[in-house]
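# Build me a model from this:
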Amino acid sequence: MGVITFNGRSSDEFGCTIEERPNHTRGSRRGQLVEIPGRNGEISVEDDSYSTYTQKYKLAFKEGSTMPTYKRAAQVAQWLLGARGFCRLEDSFEPDVFRMVRYSGDLNIEQVAAEYGEAEIEFTCQPQRYLKSGETSYKFSAGNARLGIAVKPIPNGVESVRLDSYGTALISAASASLMVYDSNDESDYTLAEMETDSENTKHLFGTVNVGEYDAILVDAPMLITSHLTYIYADGSTEEIAGSSGISFALNNPTSQTAQPLIRFATTEHSPVNQTLTYVADSFIDPNGKVSTAISQSARGRYRTTSPVSVSGFNYAYVTGRSYTFLDGNGNSVGFSPYTGSQSNVFDNTMLTIPSGAATIVIGGNTDDDFALALQEATPSQTSGSIAINETVATVNLSNGDVVFLDCDLHDAYYPGGGNANAAVSFEGADEYPTFPSLAPGMNMISVVNTEHFEVEILPRWWVL
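Residues are numbered from 1 along each chain as shown. Predicted coordinates for the structure are as follows:
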């Protein structure tokens, strides 16, 4: 017996079970065989892509339900047939992965007894089985970043490696470590002895001879400065990273190239103009509660009687139970439920006003404060770059706090869904850019201009 979870809902919710362990199906490799006149045999033309495939399950109703079979069948039909596009599918037979699937075909539930029914259901599956471990993101900014964290291969000719870390937050040698080792035998390693500079108790340093080792692991805080230096046999040196950037390695545990989702964000803003308004004074009574200028809906909820213009502003602070941004035609372009209400509206989380928003409407209950603060601000840092292996992507944040780069869909977008492709450029790219990808094994990643800039990487590891 097993369980599937499709589009966020489990088969258990519908009193169903998977009766048999399903076949382990995989999609076929795409490609074609081509005959060349005058040449023996055939040649293979491939593009390293795979086809979708069909996954079947035998679904059965559990016994003991008081609901008639036809009603349970209607609920299952809505669950499976009501989903749009490709949705997430998990099953208890492969608990470490999930797939993106679309329910295909009809739904024919055979009624075996008055309270029992069964059906063979099938999904059209994308070829990737995504590892759930690939849903753990890696976030890097000047405030929380660490230099290294993972493995780097040591270049030929390097004789020793030195790590320097110093800054106001550095306290003890336990704050940094440096290790070289044999990548074929990780039990064979040498760990540097970190020391404190006698003239500066805030300065740690350590040097380790490479010998026959070919890999390095660094774990050191990005304080004021963290330097990793290669020292060659002739005495020449090469500094790998400093306070202006973060360098680290990320190991792809699969044999498949992963297309990550990358989030770029500015971490500090410089206010240009701001205004505090209680959604116009007429909207509250002297005690700060809702007045007649708030209309009541049929469900007993309240909202502002007319939308408030957000023209000229790009950030908002809101108190109330919910808010909705509207475009010029009155259509929603961004909604959020209640997240908290502060007596000082500027203590609330700053909201980025979505692209295309013209007005805002606030809703809540009769005991809510309805406060709105609008602010025009510019990011303290408007651009930053990330290099994954040899691909460099630079993002411009002058038109929004956050930009997502989806390397699978080859698309960039703002949180509200607006197109952000014009905000991203690729170094040395031709007409169609090469999007960053995470190759099997070790990937070298660098993030630059991190003072007011944050990068988060969702790897999305996958297997066949």
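# quick one: the closest residue to Tyr53 other than its chain neighbours from Val101, how far?
Of all residues not flanking Tyr53 in the chain, Gly27 sits nearest, at 4.1 Å (Cβ to Cβ, 6 or more residues apart in numbering). For every residue, glycine as well, the C-beta is placed using N, CA and C. Summarising the geometry, the distance separating Gly27 from Val101, computed by Cβ to Cβ, to the nearest Å, is 12 Å.
# Repeat that for Phe453.
If you measure Phe453 against Val101 using Cβ to Cβ, the figure is 37 Å.
# try Met1
Distance, Met1 to Val101, using Cβ to Cβ: 21 Å.
# I'd like to know which helix or strand in this structure has the lowest mean pLDDT.
strand 294-296 (a mean of 41; mean pLDDT, DSSP states H and E).
# before we move on, back to that, who's more crowded, Gly27 and Val101?
When Gly27 is set against Val101 and neighbours are counted by other Cβ atoms under 10 Å, the residue ahead is Val101, at 23 against 16.
# my read: that one touches Phe123, true?
Yes. Using Cβ atoms under 8 Å, Val101 is in contact with Phe123, at 3.9 Å.
# Residues in contact with both of these two, list them for me.
With contacts taken as Cβ atoms under 8 Å, 6 or more residues apart in numbering, the residues that reach both Val101 and Phe123 are 6, 55, 89.
# who touches the nearest residue to Thr359 once chain neighbours are set aside in this structure?
In space, and not counting its chain neighbours, Thr359 is closest to Pro307: 3.3 Å by Cβ to Cβ, 6+ apart. Contact partners of Pro307, counting by Cβ under 8 Å, 6+ apart, are 326, 330, 358-361.
# and the residues you listed, which two are the farthest apart?
For the contacts of Pro307, the farthest-apart pair by Cβ to Cβ is Gly330 and Ile360; their separation is 12.1 Å.
# Could you check which of the two has the larger neighbour count?
Counted by other Cβ under 10 Å, Gly330 and Ile360 do not tie: Ile360 has more neighbours, with 23 against 10.
# Mind listing the residues bridging to the more buried one?
Beta-bridge partners recorded for Ile360 (DSSP bridges): Val308, Phe325.
# Verify the stated contact: it with Val308.
Yes. Counting by Cβ under 8 Å, Val308 is a contact partner of Ile360 at 5.3 Å.
# what's the overlap in contacts for the two?
Leu372.
# coming back round to it: switch the contacts of Pro307 over to JSON lines; also include pLDDT and distance to Leu217.
Compiled in JSON lines, the contacts of Pro307 are given as follows (pLDDT from 0 to 100; distance: Cβ to Cβ, whole Å):
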{"residue": "Leu326", "pLDDT": "87", "distance to Leu217": "52"}
{"residue": "Gly330", "pLDDT": "83", "distance to Leu217": "56"}
{"residue": "Ala358", "pLDDT": "86", "distance to Leu217": "52"}
{"residue": "Thr359", "pLDDT": "83", "distance to Leu217": "53"}
{"residue": "Ile360", "pLDDT": "81", "distance to Leu217": "49"}
{"residue": "Val361", "pLDDT": "78", "distance to Leu217": "53"}
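# Reformat these as CSV; add distance to Val447.
Output for these, formatted as CSV (distance: Cβ to Cβ, whole Å):
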residue, distance to Val447
Leu326, 36
Gly330, 41
Ala358, 36
Thr359, 37
Ile360, 34
Val361, 38
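# of all the residues you listed, which comes closest to Ala215?
Within the contacts of Pro307, proximity to Ala215 (Cβ to Cβ) peaks at Ile360, which comes in at 53.3 Å.
# Would you enumerate the residues in contact with the closest one?
Taking Cβ under 8 Å, 6+ apart as the contact definition, Ile360 lies against 307-308, 310, 316, 318, 323-326, 353, 372.
# what about 7 Å?
Applying Cβ atoms under 7 Å, 6 or more residues apart in numbering, we find Ile360 in contact with 307-308, 310, 316, 323, 325, 372.
# could you flag which of those are buried?
Members of the contacts of Ile360 that pass the buried threshold by neighbour count (16 or more other Cβ atoms under 10 Å) are listed as 307-308, 310, 316, 323, 325, 372.
# Farthest-apart pair in those residues, please.
Every pair in the buried ones among the contacts of Ile360 was compared (Cβ to Cβ); the two farthest apart turn out to be Pro307 and Ala316, at 12.6 Å.
# circling back to that earlier point, what remains of the shared contacts of Val101 and Phe123 if I keep only buried residues?
6, 55, 89.
# Now tabulate those in CSV and tack on secondary structure.
Formatted as CSV, these follow (DSSP: H, G, I helix; E, B strand; the rest coil):
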residue, secondary structure
Phe6, strand
Gln55, strand
Leu89, strand
